[in-house]
Structure formats: C-alpha cells, structure tokens
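K.L.:
Structure for this input, please:
(2 chains, ligands or ions: 2)
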Amino acid sequence: MFYELSRLAVGNLARARARLVMTAGGVLVGTTAVILLIALTIGLQQAAEAGIGNNASLTEITVYPSWSAGPTDENVPQLDIAAVRAFWQVPGVAAVIPMVYYQGGGELIADDYRNYAQIIGIDPSLLPYLGVGVQQGELRLGPGEVIFGGMVGDYFYDPEATEWQPINVDLYNTPIELRTYSYSGTDDMTNDLNVSGVLNVGTSNYDGAMLMPIEDVIALNEWSSGQEFDLETFKFDQIVVRATSRETTNEVSEAIRDMGYGTGGMGDFLNQLNSFFGTMRLMLGGVGGVALLVAAFGVANTMTMAILERTKEIGLMKAIGATDRDVLTVFLIEAGLVGLCGGLAGVGLSLFLQNVINQAILNAPAGGEGGIMFLPFDPAQIGGNLIVIPPELSLFALALATCVGLGAGLFPSLRAARLPPVIALKSE
Amino acid sequence: MALQKVNSAEITPMVSGRNLQKMFQLGDQWVQALRGVDVDIPEGQFVCIMGPSGSGKSTLLYMLGGLDRPTAGEILIGGQRIDSMDGEDLARFRRDRIGFVFQAFHLVPTMTALENVGLPGVFSAMPRDLRDRRAMRLLNMLGMLDRMDHRPSQLSGGQQQRVAIARALFNNPPIIMADEPTGALDSKTGQIVMQMLRWLATKRGKTVLVVTHDPGVASYADRMLNLKDGHIIEDTLPNPEKRNHVL
Ligand SMILES: Nc1ncnc2c1ncn2[C@@H]1O[C@H](COP(=O)(O)OP(=O)(O)O)[C@@H](O)[C@H]1O
Ligand SMILES: [Mg+2]
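P.N.:
Ligands and ions are numbered 1, 2, ... in the order given. Coordinates of the predicted model:
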C-alpha cells in the first residue's frame, strides 16, 4: 500500500517538475547554509586540535597534589603508591604511569660534547601507554637501557668553546656516557648508555628528557642521595593517567579531582575548546537553520497551493476509494520528497563548494602578509581543510531537509486529507 | 433480466434509502436539499434521476454512493447500512462497491488515460503491472485502447468520459453512479456514453444510477425518478420494449 502510494506521489512530483525545482531550491539553499556553516566549525575545530597536539595528549591527565589547602597541610593527598593503586580503580582508566625523576646532578657525554637531560624513570611495561613513538630504534626499556627524547641530540655543546654553538649528535649511533654526581661523598659515576631508541620530536613532555627503567632511576637516586627507597612512603614526582578514550578523559579527570588531587592536561583544555566550538556550531547552525526555516515556509506555501490546485483531484481520489490516511500519506510523501530532493541537491552543492573553498585556501599565499588575514592559523598546516563535511553531517542534513519538508507539508496535507469529498469535487 | 417491481418487498434491493433528509448550511441559513426520500433499487436496474436544477439530484446520488452523509434517514447498499460507517470503512466501501462518473470527468490532468483508469488500484495496493493490464482491458472494452498513453488534454470530451467510465469499472463494482455524464458532451457523443452505461446494466448486470436533466437520456432507463424540491414526485417505468433499443 505504502509503496503504491509512494509511486503515486513520486509520479505527481515528476509531472510537476517546475514546482518541485522551485520548492526544492529553497531547501537546497537552506541545507547548503546549514552544512557549510557547521562544516566550517568542524574545520576550525580540527585545525585547533591539530594545533594542540597529537591524539595521545588528549587522553593524558597529569596528576599533582592539590595544594589549595596550603603546602604544609598534612592531609593533602600525595602521589604515593596508594594513589597509584586508587587511580587504577577509576573507571575509564587505561593506565596509571607513576614517574620518578633523578634528583641528582649529571651530564651526558658524547666524545667532546656535553648535554643535560631530565632523567625520568618509568615502568617499562607502561611504555605503550605513554603516547610516544620512536624515530630511531625501539620503544623498549630493558634493564640498563635508555630512550632519549627527540630533541636531546640537537643541543650538545662544546665545553671548550667560547661561543654558544649547538651541536647535533646522533644519539642512536654515537657512544654516549652518563656521568652522575653523588652528593653523599662518593665519586662521580660514569656509565656507558645502552640506547634502545630515540623518541619522535613533539611528544611534548619528553623532548628534552631521557627515559629509564624506574628501578634504575630509584637506584641512581639512592646512590646520589644516600637515602634508602621505601615504596610505602615514597612520593612519586609525577603520575600520568591515560584514559581509555577522549570521551572518558573528562570523567576520569573529575574522578581524580574528587579524590583531592589536581589534574591537568590537554583533555581539560580540549573540553573547553569543544564546548566553545559546540556553541559556535549551534550559533552558525542556527543561522543556517533560519535559512532552512524560510525554505520550510516555501514548501508549506507550495504544498498549500498544490492542494488548492488539486482539490478536485483529492475529491476524485476519495470518490474512487482513497481514505483520509491515503490522501495524507500521498501528500506527506510528496512534501518529504521535496525536502529530500532539496537536501540531496544541498549536500551535492556543499561538497562541491567544500572543494572549491578548500582549494582556494590551499592556493592562497601563506602566512599573514597578503594571505587570508582572518584565519587564526596557517592554512597549509591543516592541508587546506577549512570546510570539513563528515558523512554524518551530510546524513544529518538530509534527514533535516526531509523533516523540514514533512513538517512544512503536514498542515496542508492534513487539510487535504480532511476535505469532504463532495466539497472537493464541487470546488472551482 | 426481468424487470423488478418498483419497491419490491420480496428481494433485498441493491440500493435503498429510507426517509433521507439533507440539510446544508449557507451562511446563517439552512437549505433543505432532501426532504425525506424513500427509494429501493433492485440489482441490475438502470435508474434515471431527473428534475430541475437545485432539486437535490446530485445530493441524493452522492448520498446513496457514500460520498456524503444524510442529516437523517438510513442508506442500505446490498443490505448493508452505510450511513453509520466511519470514514475509512466508507472509503473502502466506495472503492469496492461504487463506480462514480462525473459531468466534469475529473481525470487527473497529469496522468495518462491508462494511469487514470488504474488509479483506483493504487488505493487497493494492486501491483503496477496488474493495474496496467486491467486498465488496458477496460480501455479496450470501451474502444479507447489506442489512446491509453494520451493525457486528458489530448482527448475529446467523449473520449475523456469513456476513460472515466473505464476508471469507474476498475474495481468491478456492482453499482455505477453517474452525475450528468453527458452534460458536457454534444448529443451524439452523449448518446454513445449512455449506450455504454445501458450496456453495462444489460450485459454486465450493473446497477446504474444516472442523474440528468436531459429527457432524451432518460429513454435509456428502466426507471425514472423525478425529483422536485427534495421530494420524489414521480417514479415511473418507461416502456420496457424501449429500454433495449440501443442493443
Ligand atoms: N455543499 C452545499 N452547501 C450548501 N448548499 C448545497 C450544497 N450542495 C447542494 N446544496 C444545495 O442543495 C440543493 C440541491 O443541490 P443539488 O443536489 O446539487 O441539486 P441538483 O443536482 O438537482 O441540481 C440546492 O439548493 C443547492 O444549492
Ligand atoms: Mg447536480
């Protein structure tokens, strides 16, 4: 039944092409406005996120003691082993990565050159959760092995030189020694380093650091300070919590704050950013929505006209056995199809304009001078994708356009359906 | 078929109206279009409803066909009360039992003759190919097969009315109701249309009700109802030999 009525509606539309084109045209403009404005916010958001850092940093939460009660307060929760155990219990946590920093002094030696690096000890089995990748070697920390941050090799210097002149050292292929100083009276210690890998540049916190197995750093600290390590009273220098996904990051953050700690990380910033772009999307989408609303009046008007024009046809349909619901169905399908056609054309036009605009931006002169000044970023950096139309947006727009058609057609269709057949047949 | 006795008491009539009244509101005034009509029409009878303009002919026809409801009175079609049916049942009833033909043809201008004839099948969810085949058969029966792809605007009035008759026959209803079917036609094409309706009664056993104010048209009928001011003032059987003269 529905199929036959749909075919009737499709036939009616196909036979009144001029009217279809005019009405759908309004929906086309509205849909295109909605899509492009929302796509712009998506493009800007992606550009902004690209500026923040990689995906890994968005699920990373840095935990620190919350000093709001004052640094001397005994009851401030500390980054101890109890905290580590507690964090593991928080839903949405993929890993809890406690870190120990080397507290003593030291330097790196490559032939005649020197450099410093923060030594960070972590549990080697938690390396995959650190959100880092290697440019050389492997992401692996066997006993006695180290992984260098991506920029450590760039800033070696010659201690004999009279001018500051950074020297590049290939950390992976050059023999490197670590000299550490003891404050407890023993002599300096020099060890050959077993370099298992060098991290990619840009992995934020570790660019100027070197990673070692946590036991090795603890041992270094014991040696340097002369104090024995006690796990139960030890306070970690940093705890990084990795959430399972961007969506859970916020909840994990909140749960940890509820336990009395302070949290930081890109995830929190991202939430603000998301809510900013969410607001922006609503506003711009609303502007497009107004265009669509205007189109809806067009559809309503056309449907009303069509029904006035076709009053006799409605009477006839009823005389030959159409129920009110049949008539309603036919006219609603027609209205929905007008919306859908306009929506499809709008999606097509939007995809076309997406290409045109993005291409234009890609080809625009880079940088501030003479370029497009209102962009808060370098277009080249985002590959020219100022307008981003995900498939979901297209589907959403199609559904919206169809609903606009249906909504606009509802009242005229109801009126058509309720017309008494005799009145309809007698109308002039 | 033997001519039935008027208001036969022994046989259930095909169409039957009891004390039919209809009021219309015109502004703050009430118009009484029907003032108590009683009528029984047996199956297969060709009935002609005559009377001056405004006498209530169309109103009576539409009411008997379930297109409108009486203000008071009962309507029985094949023994079934239709005046108390709900809208949906009434639509289904019209679809299955009544074929309407109108003075203005009421063909859908954007559809071909074939599509117009098959339109009732849409509302009974008949598949397209079945619809087309049946529509073709009916167009062929009325000598219109060669025009099946024409739109109404490409057809003469007589041809349009034949398409409309084919459409009325689509669901094979036992009753055909025509409101001034020749009113928009010249007398020669009008005669052809009336012959077809007569033929449907005689050869296909349809009960046919035709509203007209053309006395020439009335000569095709088995029975004539004369309406005036919402009353039947005359109910006659024209010469039984005469009614078959077209065959
Ligand atoms: N929908 C209506 N509203 C108001 N008055 C109507 C309506 N339909 C018919 N009438 C009135 O009812 C009377 C009978 O009308 P009708 O049955 O059309 O007459 P006929 O077909 O015999 O010319 C007329 O006076 C007409 O004005
Ligand atoms: Mg009339």
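K.L.:
What's opposite the spatially most central residue of chain B in the beta bridge?
P.N.:
For chain B, B:M177 is the residue whose C-alpha lies nearest the centre (CA atoms, centre = their mean; 0.6 Å). Legend: beta-bridge partners of B:M177 under DSSP bridges are B:F100, B:L209.
K.L.:
List the contacts of it.
P.N.:
B:61, B:64-65, B:98-101, B:208-210 (CB atoms under 8 Å, 6 or more residues apart in numbering or on different chains). Every residue, glycine included, has its C-beta placed from N, CA and C.
K.L.:
which one among these gets closest to chain A?
P.N.:
B:F100 (4.7 Å; CB to the nearest CB).
K.L.:
How are the helices of chain B distributed by residue range?
P.N.:
Counting by DSSP state H, chain B has helices at residues B:57-64, B:87-97, B:113-122, B:128-141, B:157-168, B:187-204, B:215-218.
K.L.:
Of all those, which one comes closest to A:V34?
P.N.:
helix B:113-122 (35.1 Å; CB to CB).
K.L.:
how about the closest one as PDB, C-alpha atoms only?
P.N.:
Extracted in PDB, the C-alpha atoms of helix B:113-122 (Å, rounded to 0.1, in the frame of the first residue of the first chain):
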ATOM      1  CA  ALA B 113      -5.500   7.600 -19.800                       C
ATOM      2  CA  LEU B 114      -4.000   4.300 -18.600                       C
ATOM      3  CA  GLU B 115      -2.800   5.800 -15.300                       C
ATOM      4  CA  ASN B 116      -6.200   7.400 -14.700                       C
ATOM      5  CA  VAL B 117      -8.100   4.200 -15.200                       C
ATOM      6  CA  GLY B 118      -5.700   2.300 -12.900                       C
ATOM      7  CA  LEU B 119      -5.800   5.000 -10.100                       C
ATOM      8  CA  PRO B 120      -8.400   3.100  -8.000                       C
ATOM      9  CA  GLY B 121      -6.000   0.200  -7.900                       C
ATOM     10  CA  VAL B 122      -3.400   2.400  -6.100                       C
END
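K.L.:
And the host helix or strand of A:V356, what does it pack against?
P.N.:
Following DSSP states H and E, one finds A:V356 within helix A:324-363. Counting contacts by 3 or more CB pairs under 8 Å, 6 or more residues apart in numbering or on different chains; DSSP states H and E, helix A:324-363 is packed against helix A:2-15, helix A:17-52, helix A:266-309, helix A:311-319, helix A:391-418, helix B:87-97.
K.L.:
isn't B:R81 right up against B:I75?
P.N.:
Yes - if you go by CB atoms under 8 Å, B:R81 and B:I75 touch, sitting 7.1 Å apart.
K.L.:
Of these two, which one has the most company?
P.N.:
B:I75 (22 against 11; other CB atoms under 10 Å in any protein chain shown).
K.L.:
Name the nearest residue to the more buried one, ignoring sequence neighbours.
P.N.:
Closest residue to B:I75 apart from its sequence neighbours, by CB to CB, 6 or more residues apart in numbering or on different chains: B:D83 at 4.7 Å.
K.L.:
okay, now that neighbour: neighbour count?
P.N.:
18.
K.L.:
my guess is it contacts B:T71, does it?
P.N.:
No - B:D83 is beyond contact range of B:T71, at 10.1 Å (criterion: CB under 8 Å).
K.L.:
List the buried residues of the lowest-mean-pLDDT helix or strand in chain A.
P.N.:
When the helices and strands of chain A are scored by mean pLDDT, DSSP states H and E, helix A:55-58 comes last with a mean of 70. When burial is assessed from 16 or more other CB atoms under 10 Å in any protein chain shown, helix A:55-58 yields the following buried residues: A:56-58.
K.L.:
Please report phi then psi for the nearest residue to A:G264 once chain neighbours are set aside.
P.N.:
In space, and not counting its chain neighbours, A:G264 is closest to A:T62: 4.6 Å by CB to CB, 6+ apart. Dihedral pair for A:T62: phi -90, psi 130, per degrees, to the nearest 10.
K.L.:
quick revisit: need the helices and strands packed on helix A:324-363 in CSV with mean neighbour count, can you?
P.N.:
As requested, the helices and strands packed on helix A:324-363 are exported to CSV (neighbours: other CB atoms under 10 Å in any protein chain shown):
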stretch, mean neighbour count
helix A:2-15, 16
helix A:17-52, 21
helix A:266-309, 17
helix A:311-319, 24
helix A:391-418, 20
helix B:87-97, 19
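K.L.:
Minimum distance to ligand 1: which of those helices has it?
P.N.:
helix A:311-319 (11.9 Å; CB to the nearest ligand atom).
K.L.:
Around ligand 1, which positions in chain B sit nearby?
P.N.:
Proximity of chain B to ligand 1, by CB under 6 Å from any ligand atom, involves residues B:24, B:26, B:31, B:33, B:51, B:53-59.
K.L.:
give me that answer again for 5 Å
P.N.:
Taking CB under 5 Å from any ligand atom as the contact definition, chain B meets ligand 1 at B:24, B:26, B:31, B:33, B:53-59.
K.L.:
so can I have TSV of the residues you listed showing distance to B:G17?
P.N.:
Listed next are the residues of chain B next to ligand 1 as TSV, based on distance: CB to CB, whole Å:
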residue	distance to B:G17
B:F24	18
B:L26	23
B:V31	19
B:A33	13
B:S53	21
B:G54	19
B:S55	16
B:G56	12
B:K57	13
B:S58	14
B:T59	11
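K.L.:
Which of those fall within strands?
P.N.:
B:24, B:26, B:31, B:33 (DSSP state E).
K.L.:
Just the buried residues of those.
P.N.:
B:A33.
K.L.:
Of all pairs in the ones in strands among the residues of chain B next to ligand 1, which one is the farthest apart?
P.N.:
B:L26 and B:A33 (10.4 Å).
K.L.:
What is the neighbour count of the spatially closest residue to A:T31 that is not a sequence neighbour?
P.N.:
Once flanking residues are discounted, A:T31 sits nearest to A:G346: 2.8 Å by CB to CB, 6+ apart. Using other CB under 10 Å, A:G346 has 29 other residues around it.
K.L.:
right, and A:G346 touches A:L400 too?
P.N.:
No - using CB under 8 Å, A:G346 makes no contact with A:L400, being 9.6 Å away.
K.L.:
overlap in contacts of these two?
P.N.:
A:31, A:34.
K.L.:
From the chain's centroid, how far away is the one helix or strand A:V146 maps to?
P.N.:
Assigned by DSSP H and E, A:V146 belongs to strand A:145-148. Taking the mean of its C-alpha atoms, strand A:145-148 sits 31 Å from the chain's own mean (CA atoms, centre = their mean, to the nearest Å).
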